[in-house]
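>>> Give me a 3D structure for the following:
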Amino acid sequence: MTATTVSQQSVVLCVGDTTYLDYKPIEAKREGYGPQGNGGNGLLLHSGLAVAPEDGQPLGLLWQKLWNRTHPTPPPVDETPAQKKKRQSEARKAKRKRPFEEKESYRWVEAIAEAEQTVESTTQVIHVFDREGDIAEVFAHLNDCTHSGVVVRAAHNRALEHDPNRLWAKLEAQPIQGYHWVPLPETKTRKARTAKLALRYCAVELRAPSRLGDDGPLKVYAVYAHEVDAPEGEEPVSWMLLTSEGVDSLEQAKTILRWYTYRWRIEDYHQVLKSGCQAERYRLAAGGMKTLLGFLTVIAVDLLRLTYLHRTQPELPAEQVLSEAQLAVLTAKASKCPATLTVGWAVATIARLGGYLEHRRKTPIGIQVLWRGWAKLHDLVEGWQLANQT
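Residues are numbered from 1 along each chain as shown. Just a heads-up that it's a prediction; the model follows:
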């Protein structure tokens, strides 16, 4: 999905997040991979996935950044406790003085700035971030934008301008305006369920940190969604969302909440990239991974779109998502074809290319088998095209 194609939409969401590509062994350090918080070595990848605001359908990759941390200089072996304390103090001071543009957190602003430049001004791009994107500079940067906005889950109980309350107390004091039901996917800590969320909302003025100068407060809208009647033993879902978009009605609050739930699409994309395309399996030198990931990310987006449509619109004509050459190869490989070639049929056929076996008691099509089938389809299409050129 290019910026040109995104520009055909009046509004598009860009869901963003960062993932680690972990190459744990010590050999990875010698190959040029930087340190990670879990003690491993690898790369960091920040992605911005364009999705449709109506239903969250993945549209394509709008922005992506890959970078490598540098290993710190090891301290002297004969360093005394006093010298260690001084060195660490100087490192903290240097970190505080570092320009924001040189910090890793700048990637959240950088994603907005890049989309603002590459997407036509007729398309409004709403960036959807989780708590890591709750940075004052994100909201301040929007003052320089003409067609960008944000929905961010709050991480900080910020002070408010001209108000003794802080953010959470301010929203908890607002009346419940209505309820909205949200399907929650299964995670390591909870089972899948549909949550009933009570909605409160109001405009707030966040007190800007002194590092931003005298630009005044950050004027945003807050939507507070808190689960009621959560199942026994389950922690209630509670989301404090900050947005640049106006929220003056219950329907607008529901829209902001729905947009935030589409943020899970970026987690699905990273899972496809790592579990399906197995991006962490390849052990190139760090410099060569950028080229390889450029290839793998295109496949990951295609697979994500295909699996999403297979789950939500299996009867959609396959010609809307696959090329003429791909359909020609699939029909040639299939033992029998339906009268109408659908997305559901195409995904099942691609999975069989990857080794999927349909038993009497069907098992779900996994992302790895779909990846193998997609890779084989790519090779078959290439051969089909070469044969038709002669």
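>>> use CA for all of it now, contacts and neighbours both
OK.
>>> can you list the weak-confidence ranges in the stretch 1-150 of the chain?
Flagging of the stretch 1-150 of the chain using pLDDT under 70 yields the residue ranges 1-4, 25-31, 38.
>>> which residues in it form helices?
For the stretch 1-150 of the chain, the helices defined by DSSP state H, counting those that start in this stretch occupy 3-6, 26-30, 81-97, 106-118, 136-141.
>>> For the ones you listed, give me a markdown table that also has distance to P53 and mean neighbour count.
As requested, the helices of the stretch 1-150 of the chain are exported to a markdown table (distance: least, Cα to Cα, whole Å; neighbours: other Cα atoms under 10 Å):
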| stretch | distance to P53 | mean neighbour count |
| --- | --- | --- |
| helix 3-6 | 12 | 16 |
| helix 26-30 | 40 | 15 |
| helix 81-97 | 38 | 11 |
| helix 106-118 | 16 | 18 |
| helix 136-141 | 21 | 18 |
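>>> Indicate which one of the ones you listed is closest to L66.
Nearest of the helices of the stretch 1-150 of the chain to L66, taken as Cα to Cα: helix 106-118 at 10.4 Å.
>>> Can you give the contact residues for the closest one?
Residues from elsewhere that reach helix 106-118 (Cα atoms under 8 Å, 6 or more residues apart in numbering): 3, 46, 48, 62-63, 100, 125, 127, 133, 137-138, 141, 145-148.
>>> how about 6 Å then?
With Cα atoms under 6 Å, 6 or more residues apart in numbering as the test, helix 106-118 has contacts from V138.
>>> would TSV of the helices of the stretch 1-150 of the chain with distance to P183 be doable?
As requested, the helices of the stretch 1-150 of the chain are arranged in TSV below (distance: least, Cα to Cα, whole Å):
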stretch	distance to P183
helix 3-6	27
helix 26-30	40
helix 81-97	41
helix 106-118	27
helix 136-141	28
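>>> Out of those, the one nearest T194 is which?
Using Cα to Cα, these put helix 106-118 closest to T194, at 30.3 Å.
>>> Could you export the closest one as CSV, CA atoms only?
C-alpha atoms of helix 106-118 as CSV (Å, rounded to 0.1, in the frame of the first residue of the first chain):
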residue,chain,number,x,y,z
TYR,A,106,11.1,10.5,18.6
ARG,A,107,9.8,7.7,16.4
TRP,A,108,6.3,8.4,17.5
VAL,A,109,6.5,12.0,16.2
GLU,A,110,8.6,10.9,13.2
ALA,A,111,5.7,8.6,12.1
ILE,A,112,3.3,11.5,12.2
ALA,A,113,5.7,13.9,10.4
GLU,A,114,6.4,11.3,7.6
ALA,A,115,2.7,10.6,6.9
GLU,A,116,2.0,14.3,6.9
GLN,A,117,4.5,14.8,4.2
THR,A,118,3.7,11.7,2.0
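>>> so what does the longest strand belonging to the chain touch, helix or strand wise?
The longest strand of the chain (DSSP state E) is strand 193-206. If you count contacts as 3 or more Cα pairs under 6 Å, 6 or more residues apart in numbering; DSSP states H and E, strand 193-206 packs onto strand 178-184, strand 218-228.
>>> other SSEs contacting the longest one?
The reference is to strand 218-228. Under the contact definition 3+ Cα pairs under 6 Å, 6+ apart, strand 218-228 sits against strand 193-206, strand 238-243.
>>> now what about that strand, what contacts it?
For strand 218-228, contacts defined as Cα under 6 Å, 6+ apart pick out 196-206, 236-244.
>>> could you flag which of these are buried?
Buried members of the contacts of strand 218-228, scored by 16 or more other Cα atoms under 10 Å, are 196-206, 236, 239-244.
>>> Quick check, central residue of the protein?
I266 (2.7 Å; Cα atoms, centre = their mean).
>>> Would you agree that residue falls within a strand?
No: applying DSSP: H, G, I helix; E, B strand; the rest coil, one finds I266 to be helix, outside a strand.
>>> how much space is there between it and E102?
25 Å (Cα to Cα, to the nearest Å).
>>> Let me know which of the helices and strands packed on strand 218-228 is the nearest to A348.
Of all the helices and strands packed on strand 218-228, strand 193-206 comes closest under Cα to Cα, at 27.5 Å.
>>> Would you reformat the helices and strands packed on strand 218-228 as JSON lines and include distance to E120 and mean pLDDT?
Below are the helices and strands packed on strand 218-228 laid out as JSON lines (distance: least, Cα to Cα, whole Å; pLDDT from 0 to 100):
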{"stretch": "strand 193-206", "distance to E120": "29", "mean pLDDT": "97"}
{"stretch": "strand 238-243", "distance to E120": "22", "mean pLDDT": "98"}
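>>> Show me the one of the ones you listed that comes nearest L341.
Among the helices and strands packed on strand 218-228, strand 193-206 comes nearest to L341, with 33.2 Å by Cα to Cα.
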